[in-house]
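# Next input, structure requested:
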Amino acid sequence: MSDDIVTLPQIKLEYFPEEGSTALITLIDAGNPPPSFLRLIGAITKGIPEGFRAKTRVVFSGDFVSSVNDRQIEDNAAAGSFTVERGSGVVAGKTMGRRPDGMVEILFPDSWIALEAPDDFLTMAEHLGTHEAVHATIHHLGGEPFWVNKRESFGYATLQFVAMAADQAEEHLAEYLANQVQFGTNGSGGSTADQVKAAFDAWQSKVEVELPAVPEDDPDYFFKGMVISFEALHILWKTLAYFASELRDGNNFKPVPDEIAALPEWEEEVAPWWNEYTALLAEIPMTVEQDIAATDKVVKRLGLLLQEWAEGVGFEFHNNDSGGGFFRVTRWS
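Okay, here's the model as predicted:
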């Protein structure tokens, strides 16, 4: 039997009623923590290198949105704008990055602390913990390897696409590595046509319900339209970055399953750009240790592809001479 002591991340409870905190601490002290809590913390511990674990704080919050927004306000970054809605799903966890005290924080809703949980819930908890551990490790390593927009200046419109490209690249890596841990080298369980269709339905609702609902005489009409459009694109592309991680096999990608490739939305709004999209993702090694100069080049090219893609599905957004951006919806023209 090994006498090695395993370093664990810090645990913090936030926006918890006192009785809830006491009950959880009592269970942990008795060696009988809730199974989902155990799976989540175990996956994070395993996924973060030993030297970084003591500098990692896992926060379970009774008010997940407030916990994230509190930190965004501290960081002066999109203060108070966080929501959990993401297209056809919700945000299950969020790595905030290095805090002023030097800790990297991973935030979860308290719903992940379940006294009883079915096997599929425990599997999701393990997968989520592994995914967020990748983000946390990248923060610990420093350098923000995908975020070229923090090292170089771009025009206003180009900046938006490059930032989305950076986010997708990191999410693709985190999901791919989580899939490898959970499902092995043969890939993940795989998204079904119904799941992909749900993502398309959420995208369609955003651009065909919310966007036309903005009154044309609203003084902020163009700004609101741009925000709605970009939220929709961001959600769609992030879903596709996850889907691409399921199909990735080393530096290649398996064919899109026939039932998904046959969806009209896929044929019209994804297929024309999919091969180039995955070819660019293929240039990013699936490891937390990245050559930043190399990833900068890939992310910039990916950002330009996203700009072309957006225009192809009806959203034109370019830099203008005044330092801002020119935006218009051509989707229904």
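# Can you show me the helices along the stretch 101-250 of the chain?
Per DSSP state H, counting those that start in this stretch, the stretch 101-250 of the chain carries helices over the ranges 119-141, 156-183, 193-205, 221-247.
# tell me the average confidence for the shortest one?
This points to helix 193-205. For helix 193-205, mean pLDDT rounds to 83.
# which helices and strands does that helix pack with?
Packing partners of helix 193-205 (3 or more CB pairs under 8 Å, 6 or more residues apart in numbering; DSSP states H and E): helix 221-247, helix 258-261, helix 264-269. From N, CA and C alone the C-beta is placed, and that goes for glycine too.
# Please work out which of those helices is packed deepest.
With neighbours defined as mean count of other CB atoms under 10 Å, those peak in mean count at helix 221-247, which reaches a mean of 19.
# pLDDT on that helix, on average?
Predicted confidence along helix 221-247 averages 89 (mean pLDDT).
# Redo the helices of the stretch 101-250 of the chain as CSV? Include distance to Pro35.
Formatted as CSV, the helices of the stretch 101-250 of the chain follow (distance: least, CB to CB, whole Å):
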stretch, distance to Pro35
helix 119-141, 6
helix 156-183, 16
helix 193-205, 25
helix 221-247, 25
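# Out of the ones you listed, which gets nearest to Ala310?
helix 221-247 (5.8 Å; CB to CB).
# Now do that closest one against helix 119-141, angle only.
Angle between the axes of helix 221-247 and helix 119-141 is 110 degrees (criterion: axes from the mean of the first three to the mean of the last three CA atoms, to 10 degrees).
# rewinding a little: turn the helices and strands packed on helix 193-205 into TSV, including distance to Pro215.
As requested, the helices and strands packed on helix 193-205 are exported to TSV (distance: least, CB to CB, whole Å):
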stretch	distance to Pro215
helix 221-247	7
helix 258-261	37
helix 264-269	27
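# Among these, single out whichever gets nearest to Asn319.
It's helix 221-247; of those, that one is closest to Asn319 (CB to CB) at 13.6 Å.
# Nearest to Val6 among the helices and strands packed on helix 193-205 would be which one?
In terms of CB to CB, the element of these nearest to Val6 is helix 221-247, at 28.3 Å.
# rewinding a little: so which of the helices and strands packed on helix 193-205 comes closest to Ala133?
Taking CB to CB, helix 221-247 is the member of those nearest to Ala133, at 15.3 Å.
# and that closest one, what does it pack onto?
helix 156-183, helix 193-205, helix 271-282, helix 292-312, strand 315-319, strand 325-329.
# Could you single out the most deeply buried of these?
Scoring these by mean count of other CB under 10 Å, the most buried comes out as helix 156-183, with a mean of 22.
# Distance from the chain centre to that one, please.
Averaged C-alpha coordinates place helix 156-183 at 7 Å from its chain's average position (CA atoms, centre = their mean, to the nearest Å).
# Give the other helices and strands that that helix contacts.
Using 3+ CB pairs under 8 Å, 6+ apart: helix 156-183 touches helix 35-47, helix 119-141, helix 221-247, helix 292-312, strand 315-319, strand 325-329.
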